[in-house]
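>>> Dropping a prediction and its sequence here:
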Number of protein chains: 2
Amino acid sequence: MIRLHLDRDSRTPLFEQIASAFRERILGGLLREGAELPPERDLAKRLGVNRSTVVRAYAELKADGFVEAKVGRGTVVAAAGSGTGQAPGRTEPLEWDPLFRPETASCGDFFSEMMSVNGREGVISFAPGFPDPDLFPLEEFLALQRELGISGLRSQFLPSPVEGYSPLREKVAELLADRGIDVPPGEVMILSGSQQGLDFAARTFLSPGDTVLVEKSSFFGALEIFRAVGARVAGISMDRDGMRTDLLEGAIRRHNPRLIYTLPTFQNPTGITLSLERRRELLETAGRFGVPVLEDDPYGELRYEGEPIPPLKALDRCGGVIYLSSFSKVLSLGLRVGWVSAPAPVIERFSRLKQMTDLHVNTPAQVLLDRFLGQGFYFPHIERVRKAYREKRDRLAECLSRYRPRVGWDWDLPEGGYYLWCSLPGFFPLRAFVARAAENRVAFLPGTAFHADGIPRQNRIRLNFTHVRLEEIEEGARRLARAAEKAMENGSVELGPADGQEPVV
Amino acid sequence: MIRLHLDRDSRTPLFEQIASAFRERILGGLLREGAELPPERDLAKRLGVNRSTVVRAYAELKADGFVEAKVGRGTVVAAAGSGTGQAPGRTEPLEWDPLFRPETASCGDFFSEMMSVNGREGVISFAPGFPDPDLFPLEEFLALQRELGISGLRSQFLPSPVEGYSPLREKVAELLADRGIDVPPGEVMILSGSQQGLDFAARTFLSPGDTVLVEKSSFFGALEIFRAVGARVAGISMDRDGMRTDLLEGAIRRHNPRLIYTLPTFQNPTGITLSLERRRELLETAGRFGVPVLEDDPYGELRYEGEPIPPLKALDRCGGVIYLSSFSKVLSLGLRVGWVSAPAPVIERFSRLKQMTDLHVNTPAQVLLDRFLGQGFYFPHIERVRKAYREKRDRLAECLSRYRPRVGWDWDLPEGGYYLWCSLPGFFPLRAFVARAAENRVAFLPGTAFHADGIPRQNRIRLNFTHVRLEEIEEGARRLARAAEKAMENGSVELGPADGQEPVV
């Protein structure tokens, strides 16, 4: 049934409002040829108007050719073309594909896939990079909302500055000081997740044909962003201490990169941390060649053991590091709040992009996080999260160990972060493994998703251990092992390069 | 004072945690050469550890060369270079300007400027396109938050799908039906404001050198976005019925545009509405040449009088219209929630861009708006807003009329929306007017900000009447008039093209 909203205070007479509502729906195709209008008496009753008002409205529609009286059927929508207000006759649909810019075509769809797999009934998923929903600090947030009350609510609906809600920028600057990064709030900008910082960096620094240096396996979201602006990604090999900085100078000379993108701490997908020695080498080499370093640090606070190592940004003396981080991995992905810390000229560029893209970050989320940090909830929360994730990591490693003799998989235990980067025996039928896993209702991401360049990683999988429930990890590992075994049994060896050619990680 | 967070459950011994915290801060430059570490006894007390633990930590730092004992000053940070963990010696700062992509340089900064003017004490501002903060439905939102409670809060922290929270997509599809637009929820995608849809459209359709057709005066944010991807904007003249569609075919033949961008209803900045007749012409011509139409409709629901006209999207038979709208102008800008409705191939492209840019829209805002619509709060709210804005529009027109004989300004009363497009006498000293207005603590946007191409609009200003308080409109108009008079007295005629060359609006 058509909903009509009459405005009794309007200067437009009621009959005109009724007529125009039908006119709109007929033009919009909601009421098609032959559709019956409600009997005048019924409509008048429903709208609480005099019948004469509806009669007049219908008369107007008739005069304009929109409707006609049919014997035995009352008032019906007239044939297209008989009205004066018809839409154009042409109905040939527009073909979109030739209209799109070619660069946007190549992007993958990992996040969408993860979201859909994740929601499926009974699936145990090691795939997404999500936090544990049972660890959301709900009581704290609820208390803050209550405390904010109606006056606080008002401020949350106001627009905030492009660079972010000022009190939150200050709190983030304090948080950064705790990581050894000493910057004024003016060099912090709030973003809709650190992902947005990757996009802004790509749009600020990369023209089609430019090259970005990345770790040989790297975050698929970043690789997509770089490729979408037409840039090439060149991978630098890693070992257990992270990016092989001894190869960096050669790569810079060869590729003349516009940017070095790195996740130095608990890298995605490998979990590896760049050593302090190499951090200094990376900064020294990048500084010597004047190449900006884009440091992505969403996991840095999630160290489960070993000694903390300062972020590159904390060691930077050339002002060449753009530092991205986020609340997504430690608090909640759904809030979409991250930040960038960078020298003023970069902040200025990013803020122009922010203004163009979406003006500013959702204000309520910024206000809430400001209060969360201000009331000292953050560090105790991180402690809780660390403890829980360490336990999950250990449980996963322990359960995977049980099946090691049969499957032959292997890994280095990451000192922190979200992921266990699991290597499979050489010539592993990876595609068959993915298919068997889906049958067994268990999910993971294949190493090929993180592939920068060169030889695809046929024998690696990324297992996230933070999102899955602790008590499901054992069953998840069992399903994984069964799927791997089945893949090995049935799957003939997949064609592909020899795995011996790949570096250690 | 340095904050230290000790993890008593960690496998890392406490003395090692303390040592590493100092090491990090020294490396990060937070503790510089000569800085004094706290006396051992004080630090032990503050951290609640044995003094021997601190002693051991300091001994380790000494052994590594990070600190040294100074007579009479206790433990101080050692000279740079004496430690083993020093950052690289190079300190020459990176020069950023040559590293930026040239296209991002040209963007203006209107939003940032508005935000700063708006906050200034005592300023009456007709500049921003903001809603009236006194009309936020705070009681409704508070009730919804209370109702959602702790279990609802949990769902708000979860990630949502790239295309938007499904129940909200359904609600928006219902809302669109009310505007005569009949689309399935799958052809609706939630965005961080309709502004993001402009950005996505630019990135999807425009390569450098491409042309977009726009109304001759148009939304500055859109113009910036198009220019930032290297596109050219070509303006089509308007009259009192909107874009002159009789000029469209010629413009298409001349410019071969990739996109037609239009605000057909209560246009920004002119307030003009495209007539039904012209809507059909526009669609017919665009369809004939296969040019997609980007329809921006943030103000469509804010009609104060006259008969509603369906959006282009409701009249579209070729599936060539991409329709953007938003909650920003009718509810709250700070939530950053808008949407696009478009054929499936476009939604697919946009969702890839969304995934790359910021994954998805802030979940709490989506959940809240879903409930707001679901509980029937939306239409009564729109009624309230309409009434209040109509009153403000009339008050502004009435107050401006008072000074008309002296200043000589003129306008057409807009039938809806946010803006009164005020024309000034020919050869008006616009720059002097802006300066005098700032002195008189009143703000507006000069017509030049909306300038697409051709001759800049030296004799127009945009006055927003929704954000200013009703009781301040009179004083605001008085200040505007005084500033205009002063500008006319002092300001010699500004150099520029004759205003007679410009079209009617």
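Done, it's in. Numbering: from 1, shown residues only, chains lettered A, B, ... in the order given.
>>> CA atoms for contacts and neighbours, from now on please.
OK.
>>> and stretch A:418-429, how far apart are its ends?
Taking CA to CA, to the nearest Å as the measure, stretch A:418-429 stretches 25 Å from start to finish.
>>> List the buried residues of the helix or strand that contains A:Arg352.
Remark: A:Arg352 resides in helix A:344-357, with elements defined by DSSP states H and E. Neighbour-count burial for helix A:344-357 flags A:346-347, A:349-357 (criterion: 16 or more other CA atoms under 10 Å in any protein chain shown).
>>> can you tell me which of these are up against chain B?
If you filter the buried residues of helix A:344-357 for contact with chain B, counting by CA under 8 Å from any CA of the partner chain, you are left with A:346, A:349, A:352-353, A:355-357.
>>> residues contacting the closest residue to A:Cys422 other than its chain neighbours?
The shortest distance from A:Cys422 to any non-neighbouring residue, by CA to CA, 6 or more residues apart in numbering or on different chains, is to A:Trp411 (4.9 Å). With contacts taken as CA atoms under 8 Å, 6 or more residues apart in numbering or on different chains, A:Trp411 has the following neighbours: A:420-423.
>>> and those residues, which of them are in strands?
Judged by DSSP state E, the subset of the contacts of A:Trp411 located in strands is A:420-423.
>>> was I right about A:Leu153 contacting B:Glu139?
No. In this structure, A:Leu153 sits apart from B:Glu139 without contact. The criterion is CA atoms under 8 Å, and the distance is 9.5 Å.
>>> Nearest to A:Arg41 among the ones next to chain B among the buried residues of helix A:344-357?
Taking CA to CA as the measure, A:Thr357 is the one of those closest to A:Arg41, at 50.9 Å.
>>> before we move on, back to that, for A:Leu153 and B:Glu139, indicate the residue with more neighbours.
Neighbours per residue (other CA atoms under 10 Å in any protein chain shown) separate A:Leu153 from B:Glu139, with A:Leu153 holding more: 20 against 11.
>>> What helix or strand is that one located in?
Short version: A:Leu153 belongs to helix A:138-157, going by DSSP H and E.
>>> how much does that helix deviate in direction from helix B:138-157?
An angle of 130 degrees separates the directions of helix A:138-157 and helix B:138-157 when computed by axes from the mean of the first three to the mean of the last three CA atoms, to 10 degrees.
>>> so for helix A:138-157, what's the average pLDDT?
Per-residue pLDDT over helix A:138-157 has a mean of 88.
>>> okay, it in PDB with CA atoms only?
Output for helix A:138-157, consisting of C-alpha atoms alone and laid out as PDB, is shown next (Å, rounded to 0.1, in the frame of the first residue of the first chain):
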ATOM      1  CA  LEU A 138      31.200  -3.200  26.900                       C
ATOM      2  CA  GLU A 139      30.700  -2.300  30.500                       C
ATOM      3  CA  GLU A 140      33.200   0.500  30.200                       C
ATOM      4  CA  PHE A 141      31.600   1.800  27.000                       C
ATOM      5  CA  LEU A 142      28.100   1.600  28.500                       C
ATOM      6  CA  ALA A 143      29.300   3.500  31.600                       C
ATOM      7  CA  LEU A 144      30.800   6.200  29.400                       C
ATOM      8  CA  GLN A 145      27.700   6.500  27.300                       C
ATOM      9  CA  ARG A 146      25.600   6.900  30.500                       C
ATOM     10  CA  GLU A 147      28.000   9.500  31.800                       C
ATOM     11  CA  LEU A 148      27.900  11.400  28.600                       C
ATOM     12  CA  GLY A 149      24.100  11.600  28.800                       C
ATOM     13  CA  ILE A 150      22.000  13.900  26.700                       C
ATOM     14  CA  SER A 151      24.400  16.900  26.700                       C
ATOM     15  CA  GLY A 152      27.300  14.600  25.600                       C
ATOM     16  CA  LEU A 153      25.000  13.100  23.000                       C
ATOM     17  CA  ARG A 154      24.500  16.400  21.500                       C
ATOM     18  CA  SER A 155      28.200  17.000  20.900                       C
ATOM     19  CA  GLN A 156      28.400  13.600  19.300                       C
ATOM     20  CA  PHE A 157      26.100  14.600  16.500                       C
END
